[in-house]
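S.K.: task: produce atomic coordinates for the following.
(2 chains)
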Amino acid sequence: MKNPTQGMGAIFYKEVRHMRRDPMAVLFAFVLPVLQMIILGAAIDTNIRQVRTAVYDASGSSMMTEVSGSSESRAFLDRLRNSDTFRVYKYVHSDAELNEEMISGRASVGVKIPIDFDRNLLKGNQAQVLVMVDGSDSNVAGQAVNVSGSIGLDESLRRMMAPGQKNPIEVRPKVMFNPASRSPNFLLPGLMAVLLIMVTVMLTAFSIVREKERGTIEQLFVTPVRPLGLMLGKIMPYFVTGIVELGIFLVFLRFAFQIPIHGNVLVLAGLTAGYLFVNLAIGILISTKANSQAEALQFCLVVMLLSIFLSGFMFPRETMPLWAYTLSHFVPATYMIKITRGVILRGAGLEQLWFNGLVLFAMGAGLLLAAAKRFKKMTV
Amino acid sequence: MLAIETKNLTRRFGDFVAVNRASITVEKGEVFGFLGPNGSGKTTVIKMLTGLLPITEGDAWIEGLDVRSQADEVRERIGYMSQKFSLYDDLTVLENLQFYGRAYQLKGKALEKKIDETIAANKLEKYVNRLAGRLSGGWKQRLALGCALMHEPTVLFLDEPTAGIDPVARRQLWDLLFQLSGHGITFFVTTHYMDEAERCSHLAYIYYGELIADGTPDSLRALPEVNPPGTHRFEISAPAITTALRKAKEMALFKSATIFGRSIHALVDESVGQQELDHELRRHGIAVEEIRPLIPTLEDAFVELSQRRQMQMEAAS
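M.R.: Purely as a prediction, here's the structure:
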């Protein structure tokens, strides 16, 4: 009648009961996200280390069995081994064997030291080393080329400079915010944004589509419960779930993965609220379109995949082609990931992140209005 | 004041006319039976009256309130029980009642009191904490009815309330409906069961969107379309009833013949008397046990009306 949100309380109360009674919902909301966090945090290392490397040393001075010796080739191979990028797992004794290791995929890098390596160096000529890199994984290939190149350069300089002479220029890199370059520090704040989608978009969409399937939604529309009251009553439990989820993630981040949280948690929670509004609205929009939970799942997967691939969670946005980069501006997770990484890793506050928050709240308001409009159309 | 009134109520889905200019009047306290084949528009009419579907054309009032412009006031007066009973299977009986009570703005003491009354009236005491999904059909239906009545509506729409319910539960429900209609509640009920139709005080029959009959059960049975002038009906008992029907249908004598239990209901020309019919049947090798004059049943009436309508529609196209 006068109150457009009539019935919100009744729906909220009912929704909480549904959640408590549905083990799948609890699994979806809390267990699965935490599991994913553990798996991704503990298992995935984006730093390229210990690349499997096969070596054919034709100069004959560094056979596996040979322990002593101080030949040039041996010194060079030690540099490779100590770089942490390469792990020499096998020494082979012919070009054919080396090729076989590469083709079979057992080796990602094949190093061949030619027969005249020592001789050339001793004579003061240029000695060559062949480094073959499997290009199937471009990240690994790039890293292998760079590291082997800089080892070669470094060794060359060492030979050319007089003892005690220093490099004319020394670059001193300082990795800020994540000094050890740990992968979880980079991955998990982004993962939080993606996992929140699962809790909010999916569960909201499912909860409404389920009522469509059962036919209870018509019963609701015959009561004085107003569409807006129904919508808000449906959203609120999942909003609360989202905030609780954020808390769980932060606890895991801080204590299970030892990632220091540099910024203000309240700022993070406040900005997350905007992100949750966007996702809840998307969930409602999906529910007005889908007629079965299976259909709703398809829509949710599209949202999830866009968020994973375009948000900068996995792949940097800067290297995307223009169309994908443009599209990424419309993916809410893009802004959320900037916020989580900013607050958690860099200790950024509202001064630095206000724009991202603003975009999320604006998107949220717009989408919620659109959702309410479509939702009303479902009745009369 | 009429409980329900529609004038030329029409609903179209694109080019398809689901309900065509249906005009219905239902008095207060009536048990109004709304019949028709599946897909003929019964549920569409209910959905328009309860505000679930917009009305394409025409008007509808519930207790004098315009369904279109006074939807909110209408909502407080009506109750609705859909075919699926619309309960939450994963909530208990008590939680279902609590939810529907709250949805209708009941609070605190008033809510508790109403829940207690509903539980007592429907004898649900034993099942209060059972999940609704674990109730049998009859109990589900009682609970659904209880939920639909929580806010004391004066007009209740029941869409096939007895589909899939055992006969005992069916009878109990109808007894309850009459008890409630005695208190002035109006019922708008759809059903496929003829014995239920017989119990209604007022019937209407809708056939593919067109309202083709409206009246009391007796007046429908007495319609001239059902009893064409110059014909009368007999009930013929015979062994091997299906063979008998097949033979009878080959005889020019019968205008229509259908099996009803262990007998044939036949419509024949007035000039054919009981003895002549008996003689003819025996001549065609049908061992007649008994022949009785027959007053048409409601089913006869609806079958007759449907067939006539079908022929008219075919003739028109």
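S.K.: count of neighbours near the spatially closest residue to residue A:147 that is not a sequence neighbour?
M.R.: Using CB to CB, 6 or more residues apart in numbering or on different chains and skipping the chain neighbours, the partner closest in space to residue A:147 is residue A:85 (4.4 Å). (Glycine included, C-beta is placed from N, CA and C.) Per other CB atoms under 10 Å in any protein chain shown, the neighbour tally for residue A:85 reads 21.
S.K.: equivalent analysis for residue B:63, please.
M.R.: 17.
S.K.: same thing with residue B:222?
M.R.: 14.
S.K.: distance check, the residue nearest to residue A:147 against residue B:297.
M.R.: Distance, residue A:85 to residue B:297, by CB to CB, to the nearest Å: 92 Å.
S.K.: now residue B:44
M.R.: Distance of residue B:44 to residue B:297, computed by CB to CB: 27 Å.
S.K.: again, but for residue B:174
M.R.: The gap separating residue B:174 from residue B:297 is 18 Å, by CB to CB.
S.K.: the residue nearest to residue A:147 reaches residue A:145, doesn't it?
M.R.: No: the pair residue A:85 / residue A:145 is not scored as a contact, 10.4 Å apart, by CB atoms under 8 Å.
S.K.: for the longest helix seen in chain B, buried residues please.
M.R.: Counting by DSSP state H, the longest helix found in chain B is helix B:298-316. For helix B:298-316, a neighbour-count test (16 or more other CB atoms under 10 Å in any protein chain shown) marks B:298, B:300-306, B:309 as buried.
S.K.: and what of stretch A:249-256?
M.R.: By neighbour count with 16+ other CB under 10 Å, stretch A:249-256 contains the buried residues A:249-250, A:252-253.
S.K.: just to revisit the earlier point, pLDDT on the longest helix of chain B, on average?
M.R.: The average pLDDT for helix B:298-316 rounds to 88.
S.K.: what separates it from the chain centre, distance-wise?
M.R.: From the chain centre to the centre of helix B:298-316 is a distance of 18 Å (CA atoms, centre = their mean, to the nearest Å).
S.K.: now for it, which elements pack on it?
M.R.: Using 3 or more CB pairs under 8 Å, 6 or more residues apart in numbering or on different chains; DSSP states H and E, the elements in contact with helix B:298-316 are helix B:194-199, strand B:202-207, strand B:210-215, helix B:217-221, strand B:254-260.
S.K.: angle of it against strand B:210-215?
M.R.: Here the directions of helix B:298-316 and strand B:210-215 differ by 150 degrees (axes from the mean of the first three to the mean of the last three CA atoms, to 10 degrees).
S.K.: give me the contacts around helix B:298-316.
M.R.: When contacts are defined by CB atoms under 8 Å, 6 or more residues apart in numbering or on different chains, helix B:298-316 is touched by residues B:35, B:37, B:194, B:197-198, B:203, B:205, B:207-208, B:210, B:212-213, B:217, B:220-221, B:223, B:225-226, B:233, B:256, B:258, B:260, B:265, B:296.
S.K.: which among the residues you listed count as buried?
M.R.: B:35, B:194, B:197, B:203, B:205, B:207-208, B:210, B:212-213, B:217, B:220-221, B:226, B:233, B:256, B:260, B:265, B:296.
S.K.: okay, now the unreliable bits of the stretch 1-150 of chain A?
M.R.: A:1-2, A:60-70 (pLDDT under 70).
S.K.: one more pass at 90, please.
M.R.: Residue ranges of the stretch 1-150 of chain A with pLDDT under 90: A:1-7, A:19-30, A:40-49, A:57-84, A:90, A:93-94, A:113-127, A:137-140.
S.K.: so which residue of the stretch 51-200 of chain A comes closest to chain B?
M.R.: Nearest residue of the stretch 51-200 of chain A to chain B, counting by CB to the nearest CB: residue A:199, 19.5 Å away.
S.K.: what about residue A:169, helix or strand, and which?
M.R.: Element membership of residue A:169 [criterion: DSSP states H and E] is none; it lies in no helix or strand.
S.K.: picking up where we left off before, and the residue of the stretch 51-200 of chain A closest to chain B, what does it touch?
M.R.: Each residue near residue A:199 by CB under 8 Å, 6+ apart is listed here: A:28-29, A:33, A:238, A:241-242, A:245.
S.K.: how about stretch A:285-305, which residues are buried there?
M.R.: Buried, per 16+ other CB under 10 Å, within stretch A:285-305: A:285-288, A:290, A:293, A:296, A:299-300, A:303-304.
S.K.: show me how far it is from its chain's centre.
M.R.: The answer for stretch A:285-305 is 23 Å, by CA atoms, centre = their mean.
S.K.: and it, average pLDDT?
M.R.: 94.
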